[in-house]
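Asks: Only the shape, not the letters, is given here:
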């Protein structure tokens, strides 16, 4: 079984981003980057599928040349090889999906595992767009995946509870946070990853026009909430909620 | 004419209230396009939902009653919505940014060759239609423009009031989706969390707990407080990750977004990922024993105290106040 997993290099989610004074983007100097956390769940699941069913895990990233670091991390976890589609532009989800569709045409994977959303752009679109372009079935927000007889049975996190869906492979699964516990890269894994193949392509070479369908015009900080008061005790809290906020 | 099509959300023929917020968004967008707001309901036995929706100031409600739509599957819903948008001259298709909307709308966007805006909080005209949306866990708001003629939008419903009944009713029409069946996808089950409590996204009061509560059993003090106030219950990602409570309770960047009148953050430190889901609340009460917890930076009222001591006290005392 050939499993494709995707990896995005994102700003460290525990650091607060700062906006450039000209509102054209976020400040990148001095910022730490790491693999999008939902992609870690996706890579872990891809490796777990390989361990159970055999095959190969190919990881793909669409982003700047520095994304090789996150791809090496995925290979240190256990992925077999990597493809970087290099671009310095901040692509919209649709462009990323069309780039990935070309990779899928070349690689012909049986299943694709992706993070449900990137924690920087928070769009939650790419996997579903890709599934639509390929006319493949999709199982998003997975917390449980069982593969057998050419189908994936997927437990999904949905509003109001959980849902279970079966998709025939090839298909696309997106990872939610109860899916697994991503493994740490071992030292031998890190050493091995340095020798694993990493191919670099460009959107141009794949024949994909990455002009955005959604153009970002301006970045702003949200209005700040002002810190309120620290109260003495429960009685004061109830009094304020009742007589000041009028919510009781 | 450039119409706006709202895809209604319902659970087994019961309208989800978030749909009414998406209608409000659609009404604002339609003022910019000069078109009408129309609503599409997909499902089985949904004529009642369609009738109900006709009261909210829309121009027409279409419903497609088909056994194949009984259980939601993006692979069936998306092509039907694409066909409906094309037949009704809709250039904007919108729906709540619920898990269904998030799963479904990108497929609709691909089918309409449309750019998609996730989590829209604003639509306005500024030399062309613009949208605003939060990202980076709500720490950044971007203004975006969709360059394609068709546009697909998931609406952050906490930023829009529910549409109100106008006293008039719009025409309600059955619509044939002309569905083609597929052999590569099957619905198995929807396991609903049965609860007497209000849905988190609808609740006027939300009581949420964090990892500081240490166990799932200790969430009983959260539910007890919520029940006294008729509120919903929520949790942080860390509490969900620790297996204390179901993922359906998760509030934050990767969970639900809520904006109730009153929000209790109990034993929650206030990581930015959690703040992303609740800082639009009107009144925030934080209870945490760490005086430096970032949650106090956004709370209106804070108690620096051990939740295990003050939450039961608060619950008891509120009982007499609420009665």
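Replies: Arrived safely. Since this is a predicted model, take the numbers as computed values, not measurements.

Asks: going forward, measure contacts and count neighbours with C-alpha atoms only.
Replies: OK.

Asks: Give me the helices and strands touching the longest helix anywhere in chain A, please.
Replies: Longest helix of chain A, by residue count under DSSP state H: helix A:37-53. Applying 3 or more C-alpha pairs under 8 Å, 6 or more residues apart in numbering or on different chains; DSSP states H and E, we find helix A:37-53 packed against strand A:2-6, strand A:56-63, helix A:68-77, strand A:111-115, strand A:171-175.

Asks: As CSV, these with mean neighbour count, distance to chain B and mean pLDDT would be great.
Replies: Formatted as CSV, the helices and strands packed on helix A:37-53 follow (neighbours: other C-alpha atoms under 10 Å in any protein chain shown; distance: least, C-alpha to the nearest C-alpha, whole Å; pLDDT from 0 to 100):
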stretch, mean neighbour count, distance to chain B, mean pLDDT
strand A:2-6, 25, 18, 98
strand A:56-63, 25, 17, 98
helix A:68-77, 24, 19, 98
strand A:111-115, 28, 11, 98
strand A:171-175, 27, 9, 98
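
Asks: which one of the ones you listed lies closest to residue B:314?
Replies: Proximity to residue B:314 (C-alpha to C-alpha) singles out strand A:171-175 among those, at 38.7 Å.

Asks: Any idea how many residues pack against the residue lying closest to residue B:261 once chain neighbours are set aside?
Replies: Leaving aside its chain neighbours, residue B:261 sits nearest to residue B:282 (4.8 Å; criterion: C-alpha to C-alpha, 6 or more residues apart in numbering or on different chains). By other C-alpha atoms under 10 Å in any protein chain shown, the residues close to residue B:282 number 16.

Asks: I'd assumed residue B:298 was in contact with residue B:282.
Replies: No: the pair residue B:282 / residue B:298 is not scored as a contact, 11.0 Å apart, by C-alpha atoms under 8 Å.

Asks: Quick one: the helices in the stretch 1-150 of chain B, in order.
Replies: B:18-33, B:47-53, B:74-87, B:99-111 (DSSP state H, counting those that start in this stretch).

Asks: Need the ones you listed in TSV (columns: mean pLDDT and mean neighbour count).
Replies: Converted to TSV, the helices of the stretch 1-150 of chain B look like this (pLDDT from 0 to 100; neighbours: other C-alpha atoms under 10 Å in any protein chain shown):
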stretch	mean pLDDT	mean neighbour count
helix B:18-33	98	23
helix B:47-53	97	20
helix B:74-87	98	20
helix B:99-111	98	25
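
Asks: Please tabulate those helices in a markdown table and include distance to residue A:165 as additional columns.
Replies: Below are the helices of the stretch 1-150 of chain B laid out as a markdown table (distance: least, C-alpha to C-alpha, whole Å):
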| stretch | distance to residue A:165 |
| --- | --- |
| helix B:18-33 | 24 |
| helix B:47-53 | 25 |
| helix B:74-87 | 11 |
| helix B:99-111 | 13 |
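
Asks: And residue B:193, its phi and psi?
Replies: phi -80, psi 110 (degrees, to the nearest 10).

Asks: For the residue nearest to it when sequence neighbours are not counted, name its beta-bridge partners.
Replies: Spatial nearest neighbour of residue B:193, excluding adjacent residues (C-alpha to C-alpha, 6+ apart): residue A:161 at 4.9 Å. Residue A:161 has these beta-bridge partners by DSSP bridges: residue A:158, residue B:192.

Asks: Great, nothing more from me.
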